[in-house]
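Trainee: with the input below, show me the fold.
(one chain, ligands or ions: 1)
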Amino acid sequence: MITGESEARDFVSARCDRAAMERIERFIQFLREENARQNLVAHSTLETVWQRHIADSAQLLDCVPRETDGVWLDLGSGAGLPGLVVAAMRPDWPVVLVESRKKRIEWLDRMIATLSLDHCRVEGDRLESVETFPAAVISARAFAPLERIIRLSSRFSTGDTLWLLPKGQSAAQELQDLPKRQRALFHVEQSQTDPRSGIIVGHLAGKAGS
Ligand SMILES: C[S@@+](CC[C@H](N)C(=O)[O-])C[C@H]1O[C@@H](n2cnc3c(N)ncnc32)[C@H](O)[C@@H]1O
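Mentor: Prediction:
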């Protein structure tokens with residue numbers, strides 16, 4: 001379990017190269033500045049930004065098999081968590097960030113340009129209006145209740161799509177509330193940044209575009 005800022009930074013550093021760490025340092029610097037203009041993350045969490053946001057996002061990479069190939073779709077990216085952190089750590093991976101609020105779309109577009117994340121783009125619209133494509137990974141952090149996430153996003157899922165849903169303390173309960181057939185497709189992984197939090201992980205049998 002990660003217990004402080006220094007450990008959180010080391011955790012991230014062990015999972016990416018030096019150039020990626022530089023991109024993340026710049027992202028944090030811009031996030032601090034932008035947070036004074038718009039409420040991207042709770043102000044108090046900036047004191048522990050590595051643990052609360054960066055390592056919390058980066059830990060999702062541990063769930064992704066090396067051979068995974070295709071688009072990482074991040075729903076309700078907001079500040080860029082976890083999508084921009086993933087894109088900064090894996091700049092060759094195609095990452096699509098979905099965000100509907102104008103100022104947040106502008107922020108994400110600006111960060112993509114500033115950090116030269118050439119394989120990352122923003123779908124600046126409500127998820128409900130985004131054209132369907134098959135995703136290799138679907139992530140959503142603090143986006144919506146589990147049942148709603150699945151209802152809105154299953155059209156992007158194939159049988160191979162890996163779902164990674166950081167859910168805080170409600171993970172086990174939200175999973176329990178799913179219909180039995182869907183519940184069996186997911187499990188809860190312990191978060192490495194918060195002993196009370198879980199990440200819902202699994203594959204939803206489905207077909208993108210259907
Ligand atoms: C609570 S914030 C979480 C942001 C980020 N994932 C994080 O963990 O900090 C949820 C974000 O989802 C966006 N959002 C909510 N409903 C949406 C929708 N239907 N389509 C696209 N974005 C949406 C909001 O504008 C907001 O930025």
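Trainee: counting by contacts, list what the worst-scoring helix or strand of the chain on mean pLDDT packs against.
Mentor: Within the chain, confidence by mean pLDDT, DSSP states H and E is lowest for helix 180-183 among all helices and strands, at a mean of 92. Using 3 or more C-beta pairs under 8 Å, 6 or more residues apart in numbering; DSSP states H and E, no helix or strand is in contact with helix 180-183. For the C-beta atoms, the positions are set from N, CA and C on the backbone; glycine is no exception.
Trainee: repeat that with 10 Å
Mentor: Counting contacts by 3 or more C-beta pairs under 10 Å, 6 or more residues apart in numbering; DSSP states H and E, helix 180-183 is packed against helix 146-153, helix 171-176.
Trainee: among those helices, which is nearest the ligand?
Mentor: The ligand lies closest to helix 146-153 among the helices and strands packed on helix 180-183, at 6.9 Å (C-beta to the nearest ligand atom).
Trainee: out of the helices and strands packed on helix 180-183, deepest packed?
Mentor: helix 146-153 (a mean of 18; mean count of other C-beta atoms under 10 Å).
Trainee: what's next to it, contact-wise?
Mentor: Identification of contacts with helix 146-153 by C-beta atoms under 10 Å, 6 or more residues apart in numbering yields 73, 75-76, 98, 126-128, 130, 132, 135, 138, 140, 143-145, 157, 161, 163, 165, 167, 170-171, 173-179, 182-183, 185-186, 200, 204, 206.
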